[in-house]
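Peer 1: Below are the sequence and a predicted model; questions follow.
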Amino acid sequence: MYDAVIVGAGPAGNTAALELSKLGFSVVVLDYRERIGDKLCTGVIGMECSDRFPVPPELIYRRTNTAAIYSPGGQMYRVERPDTQALVVDRVGYVNSMAAAAARNGAEYRLGWRVGDVFRSPKDISVTAHRSGTNEILRGRILIIASGFGSSLTETACPTNGSGRPRLVGTQVEVVIRNVTETEVYVGDGIAPGSFGWLVPTTGSRGLLGLMSQEKSSGCLERLCDRLVNEGKVVGMESSPRRWGIPIRPLAKTYDERTLILGDAAGFAKPTTGGGIYYAMLSGKIAAETAAEALAFNTFSEDTLGTYEERWKAEFGTELTVGYYARMLFESLTDARLESLMEVFLSEELQKELIRSPIFSFDRHSAIILKTVGHRRMLDLIRSAGPSVLPFLARLAKSSASA
């Protein structure tokens, strides 16, 4: 019997394991992977994230305060702020460092184990786990699900969530680069319909080339790679492309009796960029605090654990809501309309007013989104796109009023 059974050794699960083990609770972490942290990700985190969850210096590839953004028509805009905005990190090493800290505090890790069924009783909650023909039942006083987007456990443990969650598909490959020193972002239907592509330098002559789309990339990544090869920025692919699902809305319910759901499994990724590391770790910390209180008082009812959802909504719920409707607005724009908006938004005048303003944050986008859509010049341009954008503007206006 453990105090907490945690499924998933990513940023969310490891953070929860570390916080609970530091408090002296017995914790077991299960993950189907043999290598902790081996998940597709660009490994870009903001400075607020780094401040709250420090990165070991040896795991930082580079610091960045600029980005080059390319419009559908090929116009390049450089976005720059005077101070460091983000770190490009060794994601596998970063996530491993969290697990190592949890293990030093007593957390037990079982890698290569897949979790199947979940059973509740008045005294505990148990999961079945199997590995290489070996089956085992592990019991805990509370179950923490951090098993990633699309995990069937979220529906098994909390049936009200159902299936068919909205998502994007991410595709990424490691490439050899030449003379690329800053993150590059590419938008337009020819790149990634309804989303964007990226080229992120990591270390030496290596970089990550990827894109998000509403469906499987259908050759989009290969076309972007060919374009960058022709431009002399990419020499070639170093690996085969890999794909993963990216949630764009949180679950309807992230708790149940003796159960908490966090990280990508709960849908905690920024809808605007797909980044999920920071909100995953925040949810891991909040889940650990909630679980610790439940364990201390031996009460695991829905009413008790419902405070977890109240806490994460207070911490970053507005970011998820505003980001979602901003994405829906973005997806409704044609390339021609997007070209016009970028010309204004990324002009030197509006960069000074918006992007270089104190409210801009890499980790929290809601303030800059709401200020942008409320800006007279931007609002007039967005409205001119026609009736399709009005529902999203109304939702954003409502979010602004309640912020």
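Peer 2: Cool, the structure landed. Here the structure is a predicted model, which is why all the values come from computation and not from measurement. Numbers count the residues shown, from 1 in each chain.
Peer 1: and D90, how far is that from T273?
Peer 2: Distance, D90 to T273, using Cβ to Cβ, to the nearest Å: 19 Å. Bear in mind the C-beta positions are built from the backbone N, C-alpha and C, glycine included.
Peer 1: Equivalent analysis for P56, please.
Peer 2: Taken as Cβ to Cβ, the span from P56 to T273 is 24 Å.
Peer 1: cool, and V229?
Peer 2: V229 is 25 Å from T273, where distance means Cβ to Cβ.
Peer 1: related to what we said a few turns ago, can you pick out the residue with more neighbours from P56 and T273?
Peer 2: T273 (19 against 12; other Cβ atoms under 10 Å).
Peer 1: tell me the SS of the more buried one?
Peer 2: coil (DSSP: H, G, I helix; E, B strand; the rest coil).
Peer 1: Leaving out the residues flanking it, which one is nearest to it?
Peer 2: H365 (7.9 Å; Cβ to Cβ, 6 or more residues apart in numbering).
Peer 1: My guess is that neighbour contacts Y279. True?
Peer 2: No: counting by Cβ atoms under 8 Å, H365 does not reach Y279; the two are 11.6 Å apart.
Peer 1: The two: who's more crowded?
Peer 2: Higher neighbour count among H365 and Y279: Y279, with 28 against 20, using other Cβ under 10 Å.
Peer 1: Show the contacting residues for that one.
Peer 2: Taking Cβ atoms under 8 Å, 6 or more residues apart in numbering as the contact definition, Y279 lies against G263, F268, A269, K270, F316, E319, L320.
Peer 1: Regarding it, which helix or strand does it belong to?
Peer 2: Y279 is part of helix 277-297, with elements assigned from DSSP states H and E.
Peer 1: From A367, how far out is the closest residue to R356 other than its chain neighbours?
Peer 2: With sequence-adjacent residues excluded and distances taken as Cβ to Cβ, 6+ apart, R356 is closest to R81, at 5.8 Å. Here the distance between R81 and A367 works out to 15 Å (Cβ to Cβ).
Peer 1: And the pLDDT for S217?
Peer 2: pLDDT for S217: 59.
Peer 1: Also the one 10 residues further on?
Peer 2: Predicted confidence (pLDDT) at R227: the value is 95.
Peer 1: Assign a three-state SS to it, would you?
Peer 2: On the basis of three-state DSSP, R227 is classed as helix.
Peer 1: Helix, strand, or coil at R141?
Peer 2: strand.
Peer 1: and what of V235?
Peer 2: Quick answer, by three-state DSSP: V235 is strand.
Peer 1: what does the domain assignment say about the chain?
Peer 2: The chain breaks down into these domains under automatic domain parsing: 2-41+91-165+248-315, 55-89+167-246, 333-402.
Peer 1: Nearest to Y325 among those would be which one?
Peer 2: Of all the domains of the chain, it is domain 333-402 that lies closest to Y325, at 4.3 Å by Cβ to Cβ.
Peer 1: distance between that closest one and the chain's centre?
Peer 2: Here the centre of domain 333-402 is set off from its chain's centre by 22 Å, with Cα atoms, centre = their mean, to the nearest Å.
Peer 1: so where is this protein shaky, pLDDT-wise?
Peer 2: The chain contains residues with pLDDT under 70 at 160, 162-166, 215-218, 403.
Peer 1: tell me the centre residue of it?
Peer 2: The residue lying closest to the centre of the chain (Cα atoms, centre = their mean) is G276, at 1.4 Å.
Peer 1: Test my guess that it contacts A266.
Peer 2: No: taking Cβ under 8 Å as the definition, G276 is not a contact partner of A266, at 10.1 Å.
Peer 1: Common neighbours of those two, please.
Peer 2: What both G276 and A266 touch, as defined by Cβ under 8 Å, 6+ apart, is an empty set.
Peer 1: Spatially nearest residue to the residue nearest to the centre of the chain (excluding sequence neighbours)?
Peer 2: Among residues not flanking G276 along the chain, A269 sits closest, at 3.7 Å (Cβ to Cβ, 6+ apart).
Peer 1: What's the local residue count around the one you found?
Peer 2: 28.
Peer 1: got it, and R78?
Peer 2: So R78, with other Cβ under 10 Å, has 11 neighbours.
Peer 1: which residues does it contact?
Peer 2: T66, A67, A68, I69.
Peer 1: Please state the offset of the helix or strand hosting it from the chain centre?
Peer 2: Using DSSP H and E, the element containing R78 is strand 76-80. Relative to its parent chain, strand 76-80 has a centroid offset of 24 Å by Cα atoms, centre = their mean.
Peer 1: Following element in sequence after that strand, please.
Peer 2: Assigned by DSSP H and E, the successor of strand 76-80 is strand 86-89.
Peer 1: picking that back up, what sits in contact with each of H365 and Y279?
Peer 2: Shared contacts of H365 and Y279, defined by Cβ under 8 Å, 6+ apart, comprise K270, E319.
Peer 1: Could you pull out the helices in the stretch 201-350 of the chain for me?
Peer 2: Using DSSP state H, counting those that start in this stretch, the helices of the stretch 201-350 of the chain run over 220-230, 277-297, 302-312, 318-331, 335-345, 348-350.
Peer 1: which of the ones you listed is buried the deepest?
Peer 2: Highest mean neighbour count among the helices of the stretch 201-350 of the chain (mean count of other Cβ atoms under 10 Å): helix 277-297, with a mean of 23.
Peer 1: Just the CA trace of it, in CSV.
Peer 2: This file holds the C-alpha atoms of helix 277-297, laid out as CSV (Å, rounded to 0.1, in the frame of the first residue of the first chain):
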residue,chain,number,x,y,z
ILE,A,277,5.9,21.9,-19.6
TYR,A,278,5.1,24.8,-17.3
TYR,A,279,1.4,24.2,-16.7
ALA,A,280,2.2,20.5,-16.3
MET,A,281,4.6,21.3,-13.4
LEU,A,282,2.2,23.8,-11.9
SER,A,283,-0.5,21.2,-11.9
GLY,A,284,1.9,18.7,-10.4
LYS,A,285,2.6,21.0,-7.5
ILE,A,286,-1.1,21.9,-7.0
ALA,A,287,-2.0,18.2,-7.1
ALA,A,288,0.6,17.4,-4.5
GLU,A,289,-0.6,20.1,-2.2
THR,A,290,-4.2,18.9,-2.6
ALA,A,291,-3.2,15.2,-2.1
ALA,A,292,-1.1,16.0,0.9
GLU,A,293,-4.1,17.6,2.6
ALA,A,294,-6.3,14.7,1.7
LEU,A,295,-3.7,12.2,3.0
ALA,A,296,-3.2,14.1,6.2
PHE,A,297,-6.9,14.1,7.1
